[in-house]
Structures are given as structure tokens and as C-alpha cells.
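1. Test case, fold it:
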Amino acid sequence: MVNGLVGRAVERVRQAWVRIALAGVTAVVAYVLAQLLLRQPAPIFAPIAAVVCLTDAPAARGPRALRLLLGVVSGVVVGELAKVVIGSGWLQVGAAVVVGMLVVSLGSINPLTLLQSGIAALLVVGIGSSQAGWTRLASALVGGALALLVSQVLVTPSPTRQLGDAAGTALRRLADGLHEVGSGLRSGSSEALRAAAEDLRGGHGDVAGFLDARTTSDRLARTTLRGRRERAALAAMQRRYDGLEYVHAGAVLLARTAAEVVGRGDDVPSRLVDGVEELAGVVDALADHPRDTDPAAGSRSAHEVAEGLAGTDPESWAAGAARLATQLHLLAEDVDALTDPRRAHVAV
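-> As a prediction, this is how the structure comes out:
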């Protein structure tokens, strides 16, 4: 249990350390820059704004910075108006916070926007000094603008790399599982095939990670300079991998059917075993080069595997082997849609 907790803690740190380091460096730059530009001895709100914006996921940093600035501007304006109309005091503070948050909610109900608007209005009315609100606004503008520059231009992850890495991880699990299925069929071990089915089922997390990466890469392509440059390549990758979920589902079904067929003692033609191993080799090549437009597929392509299976006569085989052949043929067609973008619509 302790080892598990430590392992999860280390993994969380591994995932967050780049984001944390980036926020720390940007906070220092924002502080110094605000001192130089605003002539403030301690422009604390500039690094706060930078840190708040940059601690989110890469695709969310730009919108987060805009929400922060929207909230601060709204809160300062409402606070100044409230001070002129109703003055300062404990009751006026509450009224300004409520009105500031209500006003900004007309445009956004994001918690960050509401929070920043309420705090800015509170500072202006509560301290009773216009300088407090406008100083906060100026500092937040410096920190937010710097965060936008860093997140949208200077340090932007590649959407195609993110999607390709996620696809490669999912494909690697599929390739390993198909190799296990081929080995289990060749050795006639139903236990090995059941284990392969469980391993493949465990890949649903990798497929979910791929789907998350697809959403994130879409946002990066819309909101960052680098993403816009890679938009065409990203769209081509997304078309290719539209059927990845089908490949995962088909591989799990194939492994379960293979375990059932071998467990009953049915003969499995060597042609089917060879087909599984050849298909595993194709998925291997995809996993090694997930971002290539025409990945090397070994000695045979998935299309050739599918055509070879279509040319067999499964009616002459036992019922279990015939069912296995049908499933392998469908899986080969789904994999073929990943290897050849021109046939990607087949798997949809």
C-alpha cells in the first residue's frame, strides 16, 4: 500500500513538474517586468496572474488568462462605480462583490472569472483607494499578457506530437496483445489466450487517453500559434485514427473468441495463426511511427492480410475457426483504415 501511494505521488510530480517550473520562471519574469513598467516596488499581482494562468493544462492556458483579465477588469470598474454611488463600508463591500460577480456572469460563469471580479471589486471598495483597484488591474494585465505570450507562442506543445504519442501508446498495447494471441494460438494454450484478452481489455485506459489527447490537440490547434501551423497535419492524423476504438474492441473480441475456440479443443488452421501474427506486425509498425503518413508495415500490409483472409474458405473449417476467421478479417480491415488514410472511412 505504501509503495502504491509513493508511486502515485511520484507519477503526479512527474506529470506536473514542467508546468510548475514554467509557472515559477514566468512569475519571476512577470514580477521584474511589472516593476520596470509600472514603477511599483512590489507588483505582487503580476506573478499571481501568471501563476494562475500557467498552472492549467496547456490547451486551457490561453482561455484561462482571458478569463482572469475579464474578471479583474469587470471587478475594478464595478468597484469604482460602487464607490462613487454608495461609498465605502462593510455593507458596500458585500454589495460590490455581489454586483461585480453578477455583472461578469453575463459573459462567463467560470469560477476563475467570478472570483477575480469579486476580489477586484472588494479591493477597490474595501480599501477605499482607487489605486488599489487600478494597481491590481495593471499588474494583472502584465502577468496575464506574459502568460498569454508564453502559453500561446513561446512554450506551446505540439498537437500532432501529443496525439501521435497517445496513439502510439494505445497501439503498442494492441500490438503486444495481438502477439500474445498469436503465441497462444500457436501453442494451443487457452490460459495464455485468456491472459491476452485481459491484457487487451486493460488497454481501454490507453484508448481513453487517446480520446482525451484528441480533444486537447483540437483545442491547441484552435488557440495557439503552433497549433494553427500544424492544423492540416493534425486533421490528417485525426482522420486516420478515427477507427482506433474499433481496433481495440475488435482485438479484445478476437482474443476472447480465440480462448473459447482453443478451450473447446477446436483446430485452428495455421493460416489464421499466421494472419494474427502478421497483423500484430502491422500494428507494431504503426506504434513505432504513429505520426508517419505512410508507416512501414513490415512484409505485409493490413490490406493484404484482409484480402488473404477473404480468399479463404472458412465454411470448410470448424464453426469456431470460421468465427475466428471472420473476426480476424474485420479486425484487419479496421487496422487497414489506420495504415491507409484513403480507406479510413471503411472503419467509421
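
2. Next, the contact list for the residue nearest to the spatial centre of the chain, please.
-> Most central in the chain under Cα atoms, centre = their mean is Ala213, positioned 2.6 Å from the mean C-alpha point. Residues in contact with Ala213 (Cβ atoms under 8 Å, 6 or more residues apart in numbering) are Gln162, Leu163, Asp165, Ala166, Ala167. In short, each C-beta sits where N, CA and C put it, glycine included.

3. Report the spatially closest residue to it, excluding sequence-adjacent ones.
-> Nearest-residue entry for Ala213: Ala166, 3.5 Å, with adjacent residues in sequence omitted and distances by Cβ to Cβ, 6 or more residues apart in numbering.

4. Just confirm that neighbour contacts Val207, I think it does.
-> No - the criterion here is Cβ atoms under 8 Å, and Ala166 misses it with Val207 at 9.2 Å.

5. contacts for stretch 161-172?
-> Contacts to stretch 161-172, defined as Cβ under 8 Å, 6+ apart, come from residues 203, 206-207, 209-210, 212-214, 216-217, 220, 234, 237-238, 241, 244, 248, 283, 286-288, 290-291.

6. Tell me which residues of it come out buried.
-> Residues of stretch 161-172 classed as buried by neighbour count (16 or more other Cβ atoms under 10 Å): Gln162, Leu163, Gly164, Asp165, Ala166, Ala167, Gly168, Thr169, Ala170, Leu171, Arg172.

7. Closest one to Phe45 out of these, please.
-> Nearest to Phe45 among the buried residues of stretch 161-172, counting by Cβ to Cβ, is Gln162 at 31.9 Å.

8. Show the model's pLDDT score for that closest one.
-> Gln162 carries a pLDDT value of 89.

9. What are the phi and psi values at it?
-> Reported as degrees, to the nearest 10, the phi and psi values for Gln162 are phi -60, psi -50.

10. and the gap between it and Leu211?
-> 12 Å (Cβ to Cβ, to the nearest Å).

11. before we move on, what about Val52?
-> As defined by Cβ to Cβ, Val52 lies at a distance of 28 Å from Leu211.

12. before we move on, what about Ser183?
-> As judged by Cβ to Cβ, Ser183 and Leu211 stand 29 Å apart.

13. ok, now Ala233?
-> From Ala233 over to Leu211 (counting by Cβ to Cβ), the distance is 19 Å.

14. List phi and psi for the residue nearest to the centre of the chain.
-> Torsion angles, degrees, to the nearest 10, at Ala213: phi -60, psi -30.

15. Would you check that Val51 makes contact with Ala27?
-> Yes - contact criterion Cβ under 8 Å: Val51 and Ala27 qualify, at 5.2 Å.

16. And the helices in the stretch 51-200 of the chain, which stretches?
-> Here the stretch 51-200 of the chain has its helices, by DSSP state H, counting those that start in this stretch, at 61-86, 90-105, 111-127, 130-149, 159-187, 190-201.
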